[in-house]
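In: what follows is a predicted protein model with its sequence.
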Amino acid sequence: MKPIKRILAPTDFSPASNNALQYAVGLAAETNAKLIIFHAYRIPQVTDAAYPIGGMYPDGMVDSNEIKKEVNEEMDKVVETYVKDSNISYESLISAGFAEDNILGAIENHEIDLVVMGTRGANALQEIFGSTTTHLISHTNVPVLVIPKTARFEKIDNIVLASDYKKSYKPDTYNMLLNMADLFHASIDVLHVRPENEKMSTDELDAGDGLDRILKKTQHF
């Protein structure tokens, strides 16, 4: 199983992402991984709304240096509040551009093993994960751990693996899951939901057997 060496914690400085950052700090401490705190900001055009941290710029003028200064100040506050005294290895990065593209770039450039993000959004899947998080899940092969707004890091004793039994995945698909279970000596509960009184198909039974073989060295139910 591949160890977790580098964790990426994207932040937009919101309460949800700050909470996820705290979770990432706890996880980094448990795994001895390096934590990379990342923020991407965009220089607004004169037709855009001004960057929310600094308020409105007069007469449609945008001071990119001032925006960069404000972003760096916000990052320093976050590091000081949530990371500095945690005794973990960390690095803070700031990049100009669209968040989705820059996060994907950071994953590749820094050989990230796990992304830890907060929840944010307004509707449907975005209500569950947030638009940036949803985009990231769809465009990267690196595991993304999505942290609810009220979740706090603590030792993981049980992991629920939800499966539709419609596809037999390769063992490598479950590397991160098995790694986490092994790290915390946690058990895995496999959850499959189906209509009452409906029998499982042969394909579903085969997928379930395949999953059972993948999890055979881990306590699971």
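Out: Thanks, I have the structure now. The structure presented is a predicted model; accordingly, all values stated were derived computationally and were not measured. Residues are numbered from 1 along each chain as shown.

In: is there a neighbour count for residue 68? I'd like the number.
Out: By other C-beta atoms under 10 Å, the residues close to residue 68 number 14. (C-beta placed from N, C-alpha, C; glycine too.)

In: also residue 93?
Out: For residue 93, the neighbour count with other C-beta under 10 Å is 16.

In: tell me the phi and psi of it?
Out: phi -130, psi 140 (degrees, to the nearest 10).

In: and the pLDDT at it?
Out: Here, the pLDDT recorded for residue 93 equals 95.

In: how far away is it from residue 116?
Out: 15 Å (C-beta to C-beta, to the nearest Å).

In: max-length helix in this structure?
Out: Counting by DSSP state H, the longest helix found in the chain is helix 15-31.

In: now do the contacts for the nearest residue to residue 111 once chain neighbours are set aside.
Out: Once flanking residues are discounted, residue 111 sits nearest to residue 6: 6.0 Å by C-beta to C-beta, 6 or more residues apart in numbering. Shown in contact with residue 6 (C-beta atoms under 8 Å, 6 or more residues apart in numbering): 33, 34, 36, 110, 111, 112, 113, 114.

In: just the buried residues out of these, in PyMOL syntax.
Out: Entered in PyMOL, the line below selects the buried ones among the contacts of residue 6, by 16 or more other C-beta atoms under 10 Å:
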select buried, resi 33+34+36+112+113+114
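
In: in helices only, show me the contacts of residue 6.
Out: Assigned to helices by DSSP H, none of the contacts of residue 6 qualify.

In: among the contacts of residue 6, name the ones in strands.
Out: 34, 36, 114 (DSSP state E).

In: redo these as a markdown table? Include distance to residue 12 and pLDDT.
Out: Below are the ones in strands among the contacts of residue 6 laid out as a markdown table (distance: C-beta to C-beta, whole Å; pLDDT from 0 to 100):
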| residue | distance to residue 12 | pLDDT |
| --- | --- | --- |
| 34 | 21 | 97 |
| 36 | 15 | 97 |
| 114 | 19 | 95 |
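
In: now those in TSV, with distance to residue 104?
Out: Below are those laid out as TSV (distance: C-beta to C-beta, whole Å):
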residue	distance to residue 104
34	19
36	14
114	15
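
In: ok, so of the residues you listed, who is nearest residue 170?
Out: Using C-beta to C-beta, residue 114 is the member of the ones in strands among the contacts of residue 6 that lies nearest residue 170, at 18.9 Å.
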